[in-house]
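Enquirer: heads up, no residue letters with this:
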């Protein structure tokens, strides 16, 4: 069993196939799991759908894993994380190509690659064929340079991760994240169980750094 892993996904992955892969992976990795989708479109709609697919499927199949979707390398994003093992669908990617992609994320990686066997896989269909609801009907996301969002962000869950990921994808220049201070939470009945502002802020910053957001 490995503490952390990187799962390489095809741009054509769908929920049934991802579910099968995660059932396989949860027997290999027991703490942190990173997703990467090389050779994928760079457009916002694809990545919005990919983030929703990855986090909602992981929530159902392996809720105990700390899952993180790495955003595509670009002028805005540069994922750089460490992991113990790389997992790939069998025969879907060439080994040399995989290692090249892996070293772009973790240059010092020197472990092996585990291939998910064919009986774990399902036929693909493209994410881009799914119906998409336009969240910003009156404004193209390409025109959005600054994004501001906020929340308590206590015990970062999959909903938080989707929100932060979409915010990062939309922001062309600046992403401002507000974390509710402790004073504003004092009236909540579960206030004593909520992490301190400092800890919640560190967790949010760590997540954004992991997915590739440049500070």
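Expert: Structure received. No experiment lies behind these values; they were computed from the predicted model shown.
Enquirer: For the rest of this, base every contact and every neighbour count on C-alpha atoms.
Expert: Will do.
Enquirer: List the buried residues in the one helix or strand residue 149 maps to.
Expert: Here residue 149, judged by DSSP states H and E, is contained in strand 146-151. By 16 or more other Cα atoms under 10 Å, the buried positions in strand 146-151 come out as residue 147.
Enquirer: and that strand, average pLDDT?
Expert: The average pLDDT for strand 146-151 rounds to 94.
Enquirer: After it, which helix or strand is next?
Expert: Next along the chain after strand 146-151, taking DSSP H and E as the criterion, comes helix 158-170.
Enquirer: And the contacts of that following helix?
Expert: 44, 47-48, 51-52, 55-56, 59, 68, 141-142, 144-149, 153, 175, 208, 211, 213 (Cα atoms under 8 Å, 6 or more residues apart in numbering).
Enquirer: Can you tell me which of those are buried?
Expert: 47-48, 51-52, 55-56, 59, 68, 141, 147, 153, 175, 208, 211, 213.
Enquirer: Tell me which two in those are the farthest apart.
Expert: 59 and 141 (27.3 Å; Cα to Cα).
Enquirer: Walk me through the domains of the protein.
Expert: 2-129, 141-211 (automatic domain parsing).
Enquirer: Spatially, what comes nearest to the residue nearest to the spatial centre of the chain if we skip its sequence neighbours?
Expert: Closest residue to the average C-alpha location of the chain: residue 69 at 1.6 Å, with Cα atoms, centre = their mean. Closest residue to residue 69 apart from its sequence neighbours, by Cα to Cα, 6 or more residues apart in numbering: residue 35 at 4.6 Å.
Enquirer: For residue 181, see how far away residue 29 is.
Expert: For residue 29, the distance to residue 181 (Cα to Cα, to the nearest Å) stands at 34 Å.
Enquirer: The two - which one has more neighbours?
Expert: More neighbours surround residue 29 than the other of residue 29 and residue 181, with 20 against 15 (other Cα atoms under 10 Å).
Enquirer: Next, give phi and psi for that one.
Expert: The phi and psi torsions at residue 29 (degrees, to the nearest 10) take the values phi -120, psi 140.
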